[in-house]
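>>> Here you go, sequence then predicted model.
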Amino acid sequence: MSDAQRPDGIPGSELTGPWPVGTYAAQLRQRLRSMARVQVFGEVFGLKLGRARVWFELRDADGALPCSMWRGDFDALGLPPDGVADGTRVVAAGGCDYYPGSQTSSPSFSFAVSDLRVAGEGDLLAQLERLRRTLAAEGLLEPQKRLARASLPRVIGVVTGEGGKVRDDVLAALRRRGWAGRLVWAFAPVQDRRAAPMVRRALQDLAARPEVEVIVVARGGGSLADLFAFCDETLCRTVALLRVPVIASVGHHSDHTLLDDVAAVSCSTPTHAAEAAVPVDCLQARERLHALGARLERQGTRAVLERARTLSRLSRAPAHHVDRHRIRLHQHTRELRASARRAMGEQQRRTQTRLLAIVRDTHAAKATAMHGESRVHADAVKLEGRRKSAVNRRRDDLERLARVLDAHDPQRTLERGYALVEDSSGEPVSSVAAARHAGALVLRLHDGRIPVRPDPPQSRLPL
């Protein structure tokens with residue numbers, strides 16, 4: 001800008017200028033970038049991941065600093081997806097940077113971060129994440145999960161600290177389950193540099209016992225540094241290759257160690273771990289078995305009684321059958337005897353009749369020879385009697401037929417008050433249409449005939 005275009009300054013001011021804003025902004029950016037590059041630490045707040053850059057603020061109790069970082073440099077750190085989040089304590093290396101802006105954009109100041117690492121437990125988390133990815137790549141997170149676990153183990157191994165509440169929690173949970181098996185305890189330190197080797201040795205000793213069917217590793221809660229012994233690489237590799245399934249219960253609900261990833265089952269509390277080691281509630285199972293046994297006993301008793309009744313009924317059936325047949329045979333015998341007696345009596349009567357006939361014929365022959373005329377007269381008398389009997393029978397038949405004819409005579413119906421409609425030729429009329437067609441009709445009563453004429457049909461008047 002030329003001096004002719006430069007406006008006058010503020011009267012009485014000892015400051016240089018006035019200078020164009022762009023010139024001052026460029027000098028400010030140059031001065032900020034020339035400041036020494038340093039490392040600062042604080043807690044991340046307002047993390048935003050863009051395509052080209054990452055923005056966040058570093059805060060502590062005394063102030064805040066806006067920061068930005070190239071997205072490529074951020075991804076090159078190899079942090080887990082949740083390695084940096086709001087509230088994470090980090091150390092950032094970089095220097096001041098300033099964007100002077102323009103006529104259409106606002107200026108901005110930021111701390112340009114060139115490198116970053118998670119501070120405190122963040123270092124441990126990053127280390128654990130790298131080790132977790134290594135174990136997963138080698139396939140060591142799956143072998144324990146493929147092992148078969150007994151529904152009701154007889155012997156359970158427990159690795160825990162000798163003192164503390166974990167032991168009581170495991171015993172109380174198994175007692176509530178009603179489990180009556182055997183526990184093999186392997187006490188080991190669970191928090192210091194000696195803990196990982198001692199826990200590993202205890203696990204190997206328990207797995208070497210053939211009667212142990214499942215192993216529980218239990219510890220109370222604590223910080224990540226306190227639980228770091230259960231993230232030991234050698235310990236995790238040892239657990240992954242054991243023949244016995246391992247149930248891990250390290251820390252509280254929010255705690256998670258590498259042993260939880262490698263073990264067959266991960267539980268949030270020692271109580272949960274004991275219940276996972278004995279999936280079957282023995283008390284409820286015993287109650288169900290007792291109820292089932294009682295029901296089976298009742299059903300068995302009922303079946304035995306029904307079978308006894310059936311056998312008793314079947315045992316009585318032959319005697320009843322024999323009795324029925326005996327009665328029937330006795331009846332048949334009585335009938336046969338009566339029939340034989342009747343037949344013999346009839347035969348005897350026929351024989352006597354024949355004998356009498358022979359005697360009569362003999363006497364008749366003698367009488368005929370002696371009295372020929374008397375015999376002729378007797379024959380004539382017999383013939384006359386037979387003729388009269390035939391005439392009487394014929395008369396009776398005719399009288400019976402006459403009575404039948406009288407019963408079907410139409411005159412009898414007329415005598416009871418009925419009338420017969422006939423046409424002029426004497427044929428019966430049986431319908432209204434035939435009566436109208438005939439014209440002249442005759443009503444025949446029991447005592448004579450009356451000529452009649454049917455009325456013509458009347459047409460219906462419209463309403």
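The structure has been received and is ready for your questions.
>>> What residues of the helix or strand where residue 90 lies count as buried?
Assigned by DSSP states H and E, residue 90 falls within strand 89-99. Of the residues in strand 89-99, 90-92, 94, 96-98 count as buried by neighbour count, 16 or more other CB atoms under 10 Å. Every residue, glycine included, has its C-beta placed from N, CA and C.
>>> wait, residue 422 sits on residue 435?
No: using CB atoms under 8 Å, residue 422 makes no contact with residue 435, being 10.4 Å away.
>>> Report the set of residues contacting both of those two.
Common neighbours of residue 422 and residue 435, counting by CB atoms under 8 Å, 6 or more residues apart in numbering, are 429, 441.
>>> Can you show me the helices along this structure?
Using DSSP state H, the helices of the chain run over 21-33, 71-75, 121-137, 166-177, 195-208, 233-240, 258-262, 270-277, 282-370, 372-407, 410-415, 432-438.
>>> got the CA coordinates for the last one in CSV?
Spelled out, that is helix 432-438. Output of helix 432-438 as CSV, limited to C-alpha atoms (Å, rounded to 0.1, in the frame of the first residue of the first chain):
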residue,chain,number,x,y,z
VAL,A,432,-111.2,-80.4,-10.0
ALA,A,433,-110.0,-80.0,-13.6
ALA,A,434,-111.8,-83.2,-14.6
ALA,A,435,-115.0,-82.0,-12.9
ARG,A,436,-114.9,-78.7,-14.9
HIS,A,437,-114.2,-80.5,-18.1
ALA,A,438,-117.0,-83.1,-17.6
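>>> For the residue nearest to residue 211 when sequence neighbours are not counted, list each beta-bridge partner.
In this structure, residue 211 finds its nearest non-sequential neighbour in residue 155, 4.5 Å apart by CB to CB, 6 or more residues apart in numbering. Residue 155 has the following beta-bridge partners by DSSP bridges: residue 182.
>>> remind me which residues of the stretch 101-250 of the chain are low pLDDT?
In the predicted model of the stretch 101-250 of the chain, residues 120-126, 222-226 satisfy pLDDT under 70.
>>> quick one: which of the buried residues of strand 89-99 is nearest to residue 278?
residue 90 (45.1 Å; CB to CB).
>>> about what we covered before: direction included, what does the strand holding residue 90 pair up with?
Applying DSSP bridges, strand 89-99 is found paired with strand 38-49 (antiparallel), strand 108-118 (antiparallel).
>>> of all the ones you listed, which lies closest to residue 452?
Distance to residue 452, taken as CB to CB, is lowest for strand 38-49 among the strands paired with strand 89-99, at 123.1 Å.
>>> CA atoms of that closest one as CSV?
The C-alpha trace of strand 38-49 is given here as CSV (Å, rounded to 0.1, in the frame of the first residue of the first chain):
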residue,chain,number,x,y,z
VAL,A,38,8.2,-27.7,22.8
GLN,A,39,6.3,-30.7,24.3
VAL,A,40,3.2,-30.0,26.3
PHE,A,41,0.8,-32.4,28.1
GLY,A,42,-2.8,-32.2,29.2
GLU,A,43,-6.2,-33.9,28.7
VAL,A,44,-7.8,-34.2,25.3
PHE,A,45,-11.1,-32.4,24.8
GLY,A,46,-13.3,-32.0,21.7
LEU,A,47,-11.5,-34.5,19.5
LYS,A,48,-12.6,-34.2,15.8
LEU,A,49,-11.2,-36.5,13.1
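>>> Can you give me the buried ones in that strand?
Residues 42-44 are the ones in strand 38-49 that count as buried (16+ other CB under 10 Å).
>>> ok, residue 353 to residue 347 distance?
The spacing between residue 353 and residue 347, counted by CB to CB, to the nearest Å, is 11 Å.
>>> will you turn the buried residues of strand 38-49 into a markdown table that also has pLDDT and distance to residue 317?
Below are the buried residues of strand 38-49 laid out as a markdown table (pLDDT from 0 to 100; distance: CB to CB, whole Å):
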| residue | pLDDT | distance to residue 317 |
| --- | --- | --- |
| 42 | 85 | 102 |
| 43 | 82 | 97 |
| 44 | 85 | 96 |
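>>> Return the closest of the residues you listed with respect to residue 185.
residue 43 (43.3 Å).
>>> Share the number of residues neighbouring residue 387, please.
Using other CB atoms under 10 Å, residue 387 has 10 neighbouring residues.
>>> Then residue 243?
Around residue 243 there are 10 residues (other CB under 10 Å).
>>> residues in contact with it?
Per CB under 8 Å, 6+ apart, neighbours of residue 243: 147, 207.
>>> just residue 15 next, same as before
residue 9.
>>> Over to residue 116?
Applying CB under 8 Å, 6+ apart to residue 116 gives the contacts 69, 74, 77, 84, 90-93.
>>> and if you look at residue 396?
For residue 396, the contact set (CB under 8 Å, 6+ apart) is empty.
>>> pLDDT at the residue nearest the centre of the chain, what is it?
Against the mean C-alpha coordinate of the chain, by CA atoms, centre = their mean, the closest residue is residue 288 at 21.2 Å. If you check residue 288, the pLDDT there is 84.
>>> And it, how far from residue 302?
Distance of residue 288 to residue 302, computed by CB to CB: 21 Å.
>>> give the contact list for the nearest residue to residue 209 once chain neighbours are set aside.
The spatially closest residue to residue 209, leaving aside those adjacent along the chain, is residue 184, at 6.8 Å (CB to CB, 6+ apart). The contact partners of residue 184, by CB under 8 Å, 6+ apart, come to 155-158, 206, 209, 212.
>>> Show me how to select, in ChimeraX, the buried members of those residues.
Selection of the buried residues among the contacts of residue 184 in ChimeraX, burial being defined by 16+ other CB under 10 Å:
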select :155,156,157,158,206,212
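>>> List just the nearest of the contacts of residue 184 to residue 316.
Residue 316 lies nearest to residue 155 out of those, by CB to CB, at 59.6 Å.
>>> Residue 245 reaches residue 143, doesn't it?
No: the criterion here is CB under 8 Å, and residue 245 misses it with residue 143 at 10.0 Å.
>>> quick one, which of those two is more surrounded?
Neighbours were counted for residue 245 and for residue 143 using other CB under 10 Å; residue 245 has more, 24 against 16.
>>> Quick check: the more buried one vs residue 285, distance?
In terms of CB to CB, residue 245 sits 21 Å off from residue 285.
>>> repeat for residue 25
Distance of residue 25 to residue 285, given as CB to CB: 80 Å.
>>> hmm, back to that, let me see the mean pLDDT of the strand holding residue 90.
Per-residue scores along strand 89-99 average to 88.
>>> I'd like to check what contacts that strand. Which residues are they?
Residues from elsewhere that reach strand 89-99, judged by CB under 8 Å, 6+ apart: 25, 28-29, 32-33, 35-44, 58, 67-69, 84, 107-120, 122.
>>> ok, now with 7 Å
Contacts to strand 89-99, defined as CB atoms under 7 Å, 6 or more residues apart in numbering, come from residues 28-29, 32-33, 35, 37, 39-41, 43-44, 58, 67, 84, 107-120, 122.
>>> do the same with stretch 146-162
For stretch 146-162, contacts defined as CB under 7 Å, 6+ apart pick out 166-167, 170, 181-190, 199, 202-203, 206, 211-219, 245, 264, 277-280.
>>> Alright, that wraps it up for me.
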